[in-house]
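Trainee: I would like to see how this sequence folds:
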Amino acid sequence: MVMPVYNPVIMFDTMPAWLEKLLNTAFFNVCRTHGDAARSECNMYCLDCNCDAFCFYCRSSKHKDHQVIQIRRSSYHDVVRVSEIQKVLDISGVQTYVINSARVLFLNERPQPKGGKAVSHVCEICGRSLLDTFRFCSLGCKLVGIKGSGDESFTTMQRGSDDGVSSSSRREELREGSQQDIYPPTPPPPPSISRSRRKGIPQRAPFRS
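Mentor: All right, here's what the predicted structure looks like:
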């Protein structure tokens, strides 16, 4: 079997430096600093620091103005919302799913269910069945595909922006979006309904003879 030769120059041009570290990070462990707190699970990752996962409280104290994405769980597997990751990563070719009313994608390959029915679409890397005409089941499988063939990319600059938003603007949105996700704004009070009505002129009942 001939192993693919990885070109470090191509790898640098087709994916961000933090991607492989993100895919190999263990999430949802209890934070060592805030283990007794209510929201102590480490389910956040900083793209600027490119370090280990951290919790809600570490986010507010150490990564306040950084690009942060939040990892979620679906059937014991790590997922990320498309609305967050697509701001910094080209996710074309990766199967997405709608879970709890949010569109997400999986970080890594999942075990293939046994005894599955014949399907039309499968992941090019692991052979997992797909719902639609995508090439990969996860970000991890797309990474393997890029290393093997180099015909895909994770870099958003290589794709035309659908809405004309620059990459720097998208990074800023990710910072603001993370803040809003952690600190949801207080909804405004409902508008008060005026109960005052203009009284009409009272009319006297007619006399009867």
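
Trainee: ranges for the strands of this protein?
Mentor: Applying DSSP state E to the chain gives strands spanning 44-46, 68-74, 77-81, 97-99, 102-106.

Trainee: Go through the last one and flag the buried ones.
Mentor: Within strand 102-106, the residues that qualify as buried by neighbour count (16 or more other C-beta atoms under 10 Å) are Val104, Leu105, Phe106. All C-beta spots, glycine's among them, are computed from the backbone N, C-alpha and C.

Trainee: likewise the longest one?
Mentor: Along strand 68-74, these residues count as buried under the neighbour rule (16+ other C-beta under 10 Å): Val68, Ile69, Gln70, Ile71, Arg72.

Trainee: circling back: which one of the strands of the chain lies nearest to Leu143?
Mentor: The minimum distance between Leu143 and the strands of the chain falls on strand 102-106, with 12.4 Å, by C-beta to C-beta.

Trainee: tell me what the closest one is packed against?
Mentor: The contact analysis (3 or more C-beta pairs under 8 Å, 6 or more residues apart in numbering; DSSP states H and E) places strand 102-106 against strand 68-74, strand 77-81, helix 82-85, strand 97-99.

Trainee: repeat that for 7 Å
Mentor: strand 77-81, helix 82-85 (3 or more C-beta pairs under 7 Å, 6 or more residues apart in numbering; DSSP states H and E).

Trainee: Tell me the strands beside the first one, with direction?
Mentor: For strand 77-81, the paired strands and their directions (DSSP bridges) are strand 68-74 (antiparallel), strand 102-106 (antiparallel).

Trainee: how about those strands in JSON lines, adding distance to Glu84 and mean pLDDT?
Mentor: Formatted as JSON lines, those follow (distance: least, C-beta to C-beta, whole Å; pLDDT from 0 to 100):
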{"stretch": "strand 68-74", "distance to Glu84": "5", "mean pLDDT": "95"}
{"stretch": "strand 102-106", "distance to Glu84": "9", "mean pLDDT": "96"}
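
Trainee: Of those, which is nearest Val82?
Mentor: Using C-beta to C-beta, those put strand 102-106 closest to Val82, at 4.4 Å.

Trainee: burial measure for the closest residue to Cys31 other than its chain neighbours, as a count.
Mentor: Nearest-residue entry for Cys31: Cys55, 3.9 Å, with adjacent residues in sequence omitted and distances by C-beta to C-beta, 6 or more residues apart in numbering. By other C-beta atoms under 10 Å, the residues close to Cys55 number 22.

Trainee: Does Cys55 touch Val30 like I think?
Mentor: No - counting by C-beta atoms under 7 Å, Cys55 stays clear of Val30, with 8.2 Å between them.

Trainee: Give me the common contacts of these two.
Mentor: Here Cys55 and Val30 share the contacting residues Ser40, Glu41, scored by C-beta atoms under 7 Å, 6 or more residues apart in numbering.
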